[in-house]
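>>> let's see this in three dimensions:
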Amino acid sequence: MRRRWQDGEGTLRTPAAEVPLLIAASYRARTRGLLGRDGIRGAMLLTPASSIHTARMRFAIDVAYLDRRLRVLAVRTMPPGRIGLPRLRAHHVLESEAGAMSTWGVVPGAVLEVVGVGRGR
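Okay, the predicted model is just below:
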């Protein structure tokens, strides 16, 4: 059964941490993403998405490409002003401040979990 994602907040369970999560599922929320922010506490999940850009971003970010089951396909650090190529099999993109994902244990092959999803903001 497929999950219907909606904009809101939740908690991301990683192999080494539980992290506050913003979910951007609508076209408008995905388009805005982290633009206009000076940082983020936790992470943002863009869904559906297979690529991102950091044009007009104010800070470097870690990017994890996830498949439908939230398995990490790849992790990259992107400075502002870059365009990421689309990833085959990616269905979600997870964003956080640069350096955060390595402390959370987000590495290729790790399986993540989203819990406590509710409407927020």
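>>> where along this structure do the helices fall?
For the chain, helices defined by DSSP state H occupy the ranges 27-32, 100-104.
>>> out of those, which one sits most buried?
Burial of the helices of the chain is given as mean neighbour count (mean count of other CB atoms under 10 Å); helix 100-104 ranks first at a mean of 19. Every C-beta, even on glycine, is put in place using the N, C-alpha and C of the backbone.
>>> pLDDT of that one, averaged?
Mean pLDDT, helix 100-104: 96.
>>> need the contact partners of it.
14, 15, 16, 17, 19, 43, 62, 64, 75, 94, 96 (CB atoms under 8 Å, 6 or more residues apart in numbering).
>>> from the residues you listed, pick the one nearest residue 81.
For the contacts of helix 100-104, the minimum distance to residue 81 (CB to CB) is 16.1 Å, reached by residue 62.
>>> for the closest one, which non-adjacent residue is closest in space?
residue 101 (4.2 Å; CB to CB, 6 or more residues apart in numbering).
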